[in-house]
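Peer 1: Test case, fold it:
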Amino acid sequence: MGLSRLKPEVKELLLDRSKILTVPAGTVVFGPGKSPENMLFLLDGTVRVQQVSDTGREIVLYRIHAGESCVLTTACLLAYDDYSAEGIAETDIQAAAIPRDVFDALVAQSQSFRSFVFAAFSKRITDLFLMVDEVAFQRIDVRLAQKLIELSEGGQSIATTHQKLSVELGTAREVISRQLQEFQRRGWIAQSRGTVTLQERAQLEKLADRNI
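Peer 2: The predicted structure is shown next:
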């Protein structure tokens, strides 16, 4: 359910009390150990939310796109807890920051706002469970083929690196490098510095469709 479904008085309160934030690409929007003071609702751009381990390994948990709220921020606001992951602006972004006191009041008093918050929360939790299932149980060659097709957006060339792909898939860079080399040996892709070119999309799609 979108913000357009909220009652007029709720939307008016949000418009009146929210601050519009403009943040350049590459900025760390939030990070571990920091406590959220606002609920963030993205108006434009993309934010990548990722987890970094003690050893420096990274995994992308999800992305926030225009029209979406940050469910990690929502969870931290509800639990009065600090962030456990970091959010990085992948593009220039514009967001509405809803103060904690307004968030608390609306969660307590507005059924439509509660429905909006928890519908988004429920969907993201489901997505995270699917991601955990993929990382734990799905073959890396299948997942890499799926990611390459997704990133290509119907085109042939992908601007990426082995390190970026390892972060996307939650595995070691060396694992990605070996699998890309295997794809290249089969003639499915070609590699150059910072670019992966899909040469046999049909073969990658066939592999990506496997459920084993």
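Peer 1: Let me know the distance separating the nearest residue to Trp188 once chain neighbours are set aside from Gln179.
Peer 2: Spatially, and ignoring its direct neighbours in sequence, Trp188 is nearest to Glu200 (4.3 Å; Cβ to Cβ, 6 or more residues apart in numbering). Every C-beta, even on glycine, is put in place using the N, C-alpha and C of the backbone. Distance, Glu200 to Gln179, by Cβ to Cβ, to the nearest Å: 15 Å.
Peer 1: more crowded one of these two?
Peer 2: Per other Cβ atoms under 10 Å, whichever of Glu200 and Gln179 has more neighbours is Gln179, with 20 against 13.
Peer 1: Kindly confirm whether my reading is correct that that one touches Leu144.
Peer 2: Yes. Under the criterion of Cβ atoms under 8 Å, Gln179 makes contact with Leu144 at 5.3 Å.
Peer 1: ok, Ile176 - contacts?
Peer 2: Ile140, Leu144, His162, Leu165, Ser166, Leu169 (Cβ atoms under 8 Å, 6 or more residues apart in numbering).
Peer 1: With Asp44 instead?
Peer 2: Ala66, Asp92, Ile93, Gln94.
Peer 1: ok, 6 Å please
Peer 2: Applying Cβ atoms under 6 Å, 6 or more residues apart in numbering to Asp44 gives the contacts Ala66, Gln94.
Peer 1: in the chain, which segments are predicted with low confidence?
Peer 2: Applying pLDDT under 70 to the chain flags residues 1-4, 210-212.
Peer 1: try 80
Peer 2: 1-6, 53-57, 134, 136, 210-212 (pLDDT under 80).
Peer 1: So which residues of it form helices?
Peer 2: 8-17, 71-79, 100-109, 111-137, 140-152, 162-169, 173-185, 201-208 (DSSP state H).
Peer 1: I'd guessed Met39 sits against Phe103; true?
Peer 2: Yes. Met39 lies in contact with Phe103 (Cβ atoms under 6 Å); the separation is 4.6 Å.
Peer 1: who's more crowded, the two?
Peer 2: Met39 (25 against 22).
Peer 1: what's the distance between the residue nearest to Trp188 and Ile149?
Peer 2: From Glu200 to Ile149 the distance is 12 Å (Cβ to Cβ).
Peer 1: do Thr55 as well
Peer 2: 30 Å.
Peer 1: Tell me the spacing between Ser192 and Gln203.
Peer 2: 20 Å.
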